[in-house]
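A.B. asks: predicted model, plus sequence, below.
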Amino acid sequence: MPPIQEKRKYVRVKPLENEPVEIHLMGTALLDVLHASDISMGGVGIVAPNHFDEWDMNETVEILVALPGDLADFMAKGVIKQIGKKSKESGIYGVQFTAMGPKGKQDLQVYVNRMVRQGRVLN
């Protein structure tokens, strides 16, 4: 029997509440510090307050990803690929990574692997 094909290309993990992954966003008109709802080698889900309504699909953003613990912060570029459900307080935005340095890739892979070992995988 062939293995079931996974819908996603990368394993998504949920950061620990007491060790958040901080996302420093720099777009055309914004600079803010937000938290990742989930992260993978392919992108990040970001919880953002509703004052981010000026974001558009396919807008390119530059982000600094601050991983917790002993892992280094890294810069990445991405494109907004999803604008999720919004409440009165916040919305979820999906940013697909388009560029990231080798050290960032390495540290992000270490972080994802740690979260997988802790059972923090999202479907």
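C.D. replies: Nice, thanks for sending it over.
A.B. asks: so what's the residue nearest in space to the middle of the chain up against?
C.D. replies: The geometric centre of the chain, computed from its C-alpha atoms, lies nearest to V44 (Cα atoms, centre = their mean), at 1.7 Å. Neighbour list for V44: 21, 23, 36, 38, 63, 65, 78, 94-95, 97 [criterion: Cβ atoms under 8 Å, 6 or more residues apart in numbering]. (C-beta placed from N, C-alpha, C; glycine too.)
A.B. asks: now with 10 Å?
C.D. replies: 12, 15, 21, 23, 34, 36-38, 63, 65, 76, 78, 93-97, 108 (Cβ atoms under 10 Å, 6 or more residues apart in numbering).
A.B. asks: just the buried ones from the residues you listed?
C.D. replies: If you count burial by 16 or more other Cβ atoms under 10 Å, the buried members of the contacts of V44 come out as 12, 15, 21, 23, 34, 36-38, 63, 65, 76, 78, 93-95, 97, 108.
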